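Generate coordinates for the sequence data below:
(chains A and B)
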2 protein chains.
Amino acid sequence: MEGRKIMAKYESKVYQHGTLGMLVPGLFEGTMTVADLLKHGNWGIGTASGLDGEMILLDHVPYLAQSNGEIRILKPEEKVPFATVHFEEIKDSFKVENLTQKELEDKILADYPYKNVFFAVKIVGNFSTVKTRVVEKQTRPYKTLLQVADEQAVFESTDVSGTVIGYFAPKMFQGMAAAGYHLHFLADNKSIGGHLLDFKIKEATVYLQPFATIEQHLPMDNQEFLNKDLDIADMHDQIQKAEG
Amino acid sequence: MEGRKIMAKYESKVYQHGTLGMLVPGLFEGTMTVADLLKHGNWGIGTASGLDGEMILLDHVPYLAQSNGEIRILKPEEKVPFATVHFEEIKDSFKVENLTQKELEDKILADYPYKNVFFAVKIVGNFSTVKTRVVEKQTRPYKTLLQVADEQAVFESTDVSGTVIGYFAPKMFQGMAAAGYHLHFLADNKSIGGHLLDFKIKEATVYLQPFATIEQHLPMDNQEFLNKDLDIADMHDQIQKAEG
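Okay, the predicted model is just below:
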């Protein structure tokens, strides 16, 4: 009974290493190993060192969708500049059919009591259409995030089963993250993955998990980060243009 | 020896309950007890329920400067809507003489290697002049933060010894906090306290503590917070006008 009591008081937490704001001026080098990152969550999203693709962390497995269309698993010693992860503890789930991405996102915000906190979104099922983008690996000297936004591979698929994983960030967290939804996708057969640009659900289950706590970690031992000029007047505009 | 190893790897953390963004539309009611807050830090700043003054947490003692000029100690069961606290673990300190607030703030940013992370500022010494403001207690229906910004008591003092405590937040954390410095003051003799508008140091010691981790906690059980419309287009402008 004591155990039940503790469970009832447990408040779910999301962990983030790096920020979206740090990517804006080109801090693309990995600063935390995947092994360390996975101590803080078994589901999540991120990118690899040099922005070499889109990370999709599904039940402890850190997949990386790369711009050549290949999907590989990140090694524990590889480093990430920016990633958001959590331990799964689903609070709500519901089934949906025949919904576009916009319809689903609006439906969640209309009904959901936790739109003012950071929350995780997982969608498992069949998709009539899926459109993803994958950033191209960058080499030094790094460009800005806005310049890189044009250098992306776009992938499309129809009638594909797979998993969407990602987060919704309230506006007050723009800078740390991009305000709004940030969702990645991986097909069950690994034929397509990446940052979601658009999708249509045929039939799927949606899982939501709100977080009382955001643990934001910064690479305080990385000299390039410490030296970078992050006092960028139009940081929010640049985030919206690059991620919107 | 094992103990020393763990100490060497310890990365300092700052804890925040609520956000500045939540105050913008008037979420002024306390949502965490002072007793619970003090589990997360023994130094820091904040405000009381209804914006009833400026909290100055000095070495476990949660002082509250009120708009009538009185300084009292918050009771453990009183609640705060917004507070930032940390356990002290000073990394740098230096002595200064005859510096204005602006000169000191610029000096720190010019020299300090941790201007891209959230860091704590403590200043202990003698001040030639101190000017503070203290917000007036609000009653329901609550106004917006910008409307309240005009309803403040201003206090001035000369030749006073005391302690400055507060934080610097990099721009990417505006929304959670106000970007830049946010400093509170309490005189040793409790004759003056509040949110610092201006000061001149006669001679003092400055202590700085950078944080690798920000733990941001939200009152997920507070229905008023969950229901509030926080999708405020000009949230950043309102924060800058109210806190700038």
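
Excluding sequence neighbours, find me the nearest residue to the one residue sitting closest to the centre of chain A.
Computing the C-alpha centroid of chain A and ranking residues by C-alpha atoms, centre = their mean puts A:Ile45 first, at 3.4 Å. Excluding its sequence neighbours, the residue lying closest to A:Ile45 (C-beta to C-beta, 6 or more residues apart in numbering or on different chains) is A:His184, at 4.5 Å. Any C-beta I mention is one placed from the backbone N, CA and C, and that applies to glycine too.

Report whether that neighbour is found in a strand, as I expect.
Yes: judged by DSSP: H, G, I helix; E, B strand; the rest coil, A:His184 forms part of a strand.

What pLDDT is listed against it?
pLDDT, A:His184: 98.

Is it bridged to anything, and to what?
Judged by DSSP bridges, the bridge partners of A:His184 are A:Ile165, A:His195.

looking at it, it is touching A:Val164, isn't it?
Yes: in this structure, A:His184 is within contact of A:Val164 by C-beta atoms under 8 Å, at 7.2 Å.

Spit out the residues that contact these two alike.
Shared contacts of A:His184 and A:Val164 (C-beta atoms under 8 Å, 6 or more residues apart in numbering or on different chains): A:Leu196.

Low-confidence ranges, chain A, go.
For chain A, the stretches flagged by pLDDT under 70 are A:1-10, A:244.

ok, longest helix in it?
Across chain A, the longest stretch assigned as helix under DSSP state H is helix A:101-111.

Which elements pack onto that one?
Helices and strands touching helix A:101-111, by 3 or more C-beta pairs under 8 Å, 6 or more residues apart in numbering or on different chains; DSSP states H and E, are strand A:92-100, strand A:193-210.

Can you dump the C-alpha atoms of that helix in CSV for me?
What follows is helix A:101-111 as a C-alpha-only set of coordinates in CSV (Å, rounded to 0.1, in the frame of the first residue of the first chain):
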residue,chain,number,x,y,z
GLN,A,101,-2.2,16.2,-38.8
LYS,A,102,-3.8,19.6,-38.4
GLU,A,103,-7.2,18.0,-37.4
LEU,A,104,-5.5,15.8,-34.8
GLU,A,105,-3.4,18.6,-33.4
ASP,A,106,-6.3,20.9,-33.1
LYS,A,107,-8.5,18.2,-31.5
ILE,A,108,-5.8,17.6,-28.8
LEU,A,109,-5.6,21.3,-28.0
ALA,A,110,-9.3,21.7,-27.9
ASP,A,111,-9.9,18.8,-25.5
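
what angle separates it from strand A:193-210?
10 degrees (axes from the mean of the first three to the mean of the last three C-alpha atoms, to 10 degrees).

Can you show me the strands along chain A?
A:13-17, A:32-33, A:43-47, A:54-58, A:61-65, A:71-73, A:79-80, A:82-86, A:92-100, A:119-135, A:152-169, A:180-187, A:193-210, A:213-217 (DSSP state E).

From what I see, the residue nearest to the centre of chain A and A:Thr163 are in contact.
No: with contact defined as C-beta under 8 Å, A:Ile45 does not reach A:Thr163; the gap is 11.4 Å.

what do those two both touch?
Contacts common to A:Ile45 and A:Thr163, judged by C-beta under 8 Å, 6+ apart, are A:Ile56.

related to what we said a few turns ago, who's in contact with the residue nearest to A:Ile45?
Each residue near A:His184 by C-beta under 8 Å, 6+ apart is listed here: A:45, A:54-56, A:65, A:132, A:164-166, A:193-196.

Fine by me, thanks again.
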